[in-house]
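A.B. asks: the amino acid sequence is not available; the structure is as follows:
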């Protein structure tokens, strides 16, 4: 399938980030969960996933470390104002820099870990971006990574 650059440009110009809608001649159009499922080919059938947004007993840093095998520093990197995990928000660009590329001889466990991180980046950085500059609230990690 070839991308139509003129159509893409027109849609970008009609996107209103304040309301997360396209403003078209026919009216406003919102992207739905079904649209996302069609684009990502992820199934949306079944019961809704409802999780608590409360912080885990050991804290978000421990929660993320256990599930992704990444140690999150408590101090900000040089040139940054806040650490990668600040006020229940995970900095997605830090996560991308930390993980890097998947090695060609990766084990199944490494592939699963990379896939989880990829999903976090996809959801937090592209599908549902936050206006805070690449941060993702940790409550969404509970849904993506499980309890």
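C.D. replies: Nice, thanks for sending it over. What you see is a predicted model, and the numbers here were worked out from it, not measured in a lab. Residues are numbered from 1 along each chain as shown.

A.B. asks: quick one, what contacts the residue most central in space within the chain?
C.D. replies: Centroid check for the chain by C-alpha atoms, centre = their mean gives residue 124 as the closest residue, at 2.0 Å. Going by C-beta atoms under 8 Å, 6 or more residues apart in numbering, residue 124 touches 90, 92, 130, 134, 135, 136, 140. Every C-beta, even on glycine, is put in place using the N, C-alpha and C of the backbone.

A.B. asks: what sits against the first one?
C.D. replies: Residues near residue 90 by C-beta under 8 Å, 6+ apart: 60, 64, 72, 84, 120, 124, 135, 136, 137, 138, 141.

A.B. asks: so how far is residue 142 from the second one?
C.D. replies: Okay, so that is residue 64. Distance, residue 64 to residue 142, by C-beta to C-beta, to the nearest Å: 10 Å.

A.B. asks: then the first one?
C.D. replies: Counting by C-beta to C-beta, the gap from residue 60 to residue 142 is 10 Å.

A.B. asks: repeat for the third one
C.D. replies: In this structure, residue 72 and residue 142 are separated by 16 Å, where distance is defined by C-beta to C-beta.

A.B. asks: quick one: the helices in the protein?
C.D. replies: Along the chain, counting by DSSP state H, helices occupy 5-14, 33-40, 60-68, 92-99, 108-121, 139-145.

A.B. asks: closest to residue 26 out of those?
C.D. replies: Residue 26 sits nearest to helix 5-14 of all those, at 11.3 Å, using C-beta to C-beta.

A.B. asks: can you give the distance of that closest one from its chain's centre?
C.D. replies: 24 Å (C-alpha atoms, centre = their mean, to the nearest Å).

A.B. asks: other residues contacting that helix?
C.D. replies: By C-beta under 8 Å, 6+ apart, helix 5-14 touches 22, 23, 24.
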